[in-house]
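In: fold the following and give me the result.
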Amino acid sequence: MNRVLRHCLMLSLPVAASVASPFLCLQTGGATAVVTNPISATSSFVHGLLSSPQGGFLYDQYGRVVILHGVNAVYKRPPYELFVDPGKPWNFTSTDAAAIAGLGFNIVRLGIIWAGIEPGTLPANDPAICTPGTPSDPHQWNQVVADQYLSRVQQTVDQLARYHIYTLLDMHEDVYSTGFRGEGAPDWAVCTNGLPIKTLPGRWSNNYASPSLNAAVRNFWSNDVVGDIQGEYDRAWAAVASTFSNDPWVVGYDPINEPFTTTLDRVTPEDLDVRLECFYTGSAAPGHLLDSTKTIACPQTVPAQGVIPTILAADPHHLIFREPTIFTSGGAPNYVGAMDYPNLVLNFHDYCSYRSGVTGNPYNLSACVAQEESTFIRRSSEAPLVATPAEPLGLPLFMSEFGATQSSALLQHLTSVADQSLIGWTYWSWKYYDDPTGSSAEALASPSGQLHPIANALSQPFPEAVAGSLTLIDYDAPSGSFYLNFLSNPKVPAPTLISIPSKKYPHGYCARTSAGRLRSVGGAVEVTNPPTIQTVEITVIPGRCPSH
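Out: Here you go, the predicted structure:
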């Protein structure tokens with residue numbers, strides 16, 4: 001039998017944690033194993049550009065499989081962004097970043113909004129934009145305004161980076177624009193075919209049934225007005241991608257949040273999935289739907305180069321987190337097929353229909369659990385079907401929205417399913433910023449930064465980086481025990497890194513590995529890679545290591 005070396009030592013205080021655990025027990029198998037004192041080792045943390053060279057998983061520069069856990073943060077009213085601005089409701093400070101890092105999170109899906117980047121000067125339904133005809137430059141772009149907006153986004157990205165937190169830039173929209181009690185498109189990009197812009201009473205989501213809203217959205221997807229609405233949206237993305245093309249703390253781009261319309265249906269060539277794929281690829285290089293081998297016929301008014309090749313032209317380095325339609329978040333199938341571009345991630349949302357629109361809490365927990373798990377299984381089954389030469393194993397999955405609830409039971413179930421599927425996530429949402437299309441009950445933290453009880457369900461150990469082929473992630477919430485299995489790859493020079501939120505183990509924890517060497521690295525456990533290919537089993541349990 002291998003001799004086991006056991007050692008207990010005091011934890012150093014992580015940069016973003018407020019309470020240190022009183023002890024940490026590290027145990028490792030192997031005759032030559034050693035345990036070092038806890039030190040700050042920034043090089044161990046996941047940093048730099050991520051990629052998906054084979055599909056299936058995200059990888060860092062060392063070839064480690066990377067898992068991301070985090071939150072959404074979006075300010076949906078003017079100035080349409082979060083940044084340091086004391087006394088303002090959109091103020092996002094180092095205290096926010098530190099608290100997010102203290103939960104063990106390593107990513108924020110940060111909202112950016114088209115109306116902030118390109119507000120323009122013309123009103124809705126202006127003939128200079130909304131007259132049917134060949135799309136051309138609407139002359140609404142102002143480079144100075146765009147640069148000012150993106151410089152403030154850069155400040156927030158930099159602030160998160162100081163706490164080893166990646167940013168996923170999300171061009172957010174709900175209900176298309178402010179005129180429909182939502183956010184997203186600037187006023188000048190609203191063309192309702194002469195219908196008056198009226199909001200419907202009741203909850204904000206009732207406006208999805210507005211005839212004027214659906215006319216505006218249809219004009220966006222068809223892009224058949226002289227203002228070239230879709231082309232200008234792409235221009236905004238080109239500016240974003242150019243700004244962040246060399247930023248190592250931007251994980252990638254989410255081109256459009258929850259694309260929708262209720263006027264296109266699946267029995268006609270105007271199906272939303274067709275229009276969405278044309279929006280992604282452009283009319284010059286259309287693909288085909290997931291359930292068909294027939295090439296899509298895109299409207300010729302759609303830009304020849306879609307939003308994905310537009311982003312790649314400005315920034316070939318970062319990942320693009322493409323979303324299916326809004327209807328898939330409740331379990332509907334996705335029909336958007338493979339697109340022959342590199343660096344793609346299949347990004348999806350998972351919400352339950354059996355819950356309160358105000359509190360987010362389920363009316364029927366078992367029904368919610370079943371629906372959300374079914375959605376997860378469906379997305380997982382679709383990921384291999386969108387394989388491309390650049391990603392032959394299919395696309396890696398990422399759940400960029402879920403939750404919007406104070407139900408810890410529901411969150412524990414879905415995060416457990418994500419662990420079983422070996423994918424990462426971002427919870428909706430960090431704080432309630434007077435959200436026009438949400439509820440205060442969705443937030444993880446209060447406006448003052450006080451964490452709600454659901455934080456305990458979301459803050460959990462997870463493998464930030466794995467030096468080999470990942471096979472098992474298992475966190476047992478009732479006991480607080482964490483298990484990780486992987487097949488080591490000796491060619492990977494960097495260690496496996498497990499995020500350990502200090503508040504999760506107020507009385508300390510015991511970490512063990514079957515191979516490699518363990519050490520504490522401020523808020524994480526690091527395991528060096530063994531010199532041969534072998535199965536590595538790592539466990540973390542609360543309290544001191546058992547004596548036997």
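
In: would you map the strands across the stretch 201-350 of the chain?
Out: 250-254, 319-322, 344-350 (DSSP state E, counting those that start in this stretch).

In: closest to residue 232 out of those?
Out: Evaluated over these, closeness to residue 232 peaks at strand 250-254, with 17.0 Å, by CB to CB. For every residue, glycine as well, the C-beta is placed using N, CA and C.

In: what's the angle between the helix or strand hosting residue 414 and strand 344-350?
Out: Following DSSP states H and E, one finds residue 414 within helix 408-421. Using axes from the mean of the first three to the mean of the last three CA atoms, to 10 degrees, the inter-axis angle of helix 408-421 relative to strand 344-350 is 160 degrees.

In: to residue 528, which of the strands of the stretch 201-350 of the chain lies closest?
Out: strand 250-254 (25.5 Å).

In: for that closest one, which helices and strands make contact with it?
Out: Strand 250-254 is packed against strand 166-171, helix 229-244, strand 319-322, with contacts defined by 3 or more CB pairs under 8 Å, 6 or more residues apart in numbering; DSSP states H and E.

In: and residue 485, what are its bridge partners?
Out: For residue 485, the beta-bridge partners under DSSP bridges are residue 472, residue 537.

In: now do it against residue 496, distance only.
Out: With distances taken as CB to CB, to the nearest Å, residue 485 is found 11 Å from residue 496.

In: distance from stretch 499-518 to the middle of the chain?
Out: Centroid separation for stretch 499-518 versus its chain: 26 Å, with CA atoms, centre = their mean, to the nearest Å.

In: with stretch 471-481 instead?
Out: With CA atoms, centre = their mean, you get 22 Å for stretch 471-481.

In: what's the first-to-last distance across it?
Out: One end of stretch 471-481 to the other measures 17 Å (CA to CA, to the nearest Å).

In: got the contact list for it?
Out: Contacting residues not belonging to stretch 471-481 are listed as 67, 412, 415-416, 419-420, 422, 457, 460-463, 482-487, 504-505, 509, 535, 539-542 [CB atoms under 8 Å, 6 or more residues apart in numbering].

In: tell me the confidence at residue 357?
Out: As predicted, residue 357 sits at a pLDDT of 79.

In: need the contact list for it.
Out: Applying CB under 8 Å, 6+ apart, one finds that residue 357 lies in contact with 203, 205, 439.

In: gap between it and residue 442?
Out: The separation that residue 357 has from residue 442, given CB to CB, amounts to 10 Å.

In: do the same with residue 328
Out: Using CB to CB, residue 328 is found at 20 Å from residue 442.

In: please apply the same query to residue 410.
Out: Going from residue 410 to residue 442 by CB to CB gives 13 Å.

In: for residue 364, same thing?
Out: With distances taken as CB to CB, residue 364 is found 19 Å from residue 442.

In: these two: who's more crowded?
Out: More neighbours surround residue 442 than the other of residue 364 and residue 442, with 22 against 13 (other CB atoms under 10 Å).

In: show me where pLDDT drops low in the protein?
Out: Across the chain, the ranges flagged by pLDDT under 70 are 1-43, 263-270, 548.

In: in it, which residue is closest to the centre?
Out: residue 400 (3.5 Å; CA atoms, centre = their mean).

In: tell me the contacts of that residue?
Out: Taking CB under 8 Å, 6+ apart, one finds 72, 109, 168, 170, 254, 321, 323, 347-349, 425-426 in contact with residue 400.

In: recalculate using a threshold of 10 Å.
Out: Contacts for residue 400 (CB atoms under 10 Å, 6 or more residues apart in numbering) come out as 68, 70, 72, 107, 109, 168, 170, 254, 257, 321, 323, 345, 347-350, 424-428.

In: before we move on, what about residue 93?
Out: Contacts for residue 93 (CB under 10 Å, 6+ apart) come out as 82-86, 99, 156, 159, 449.
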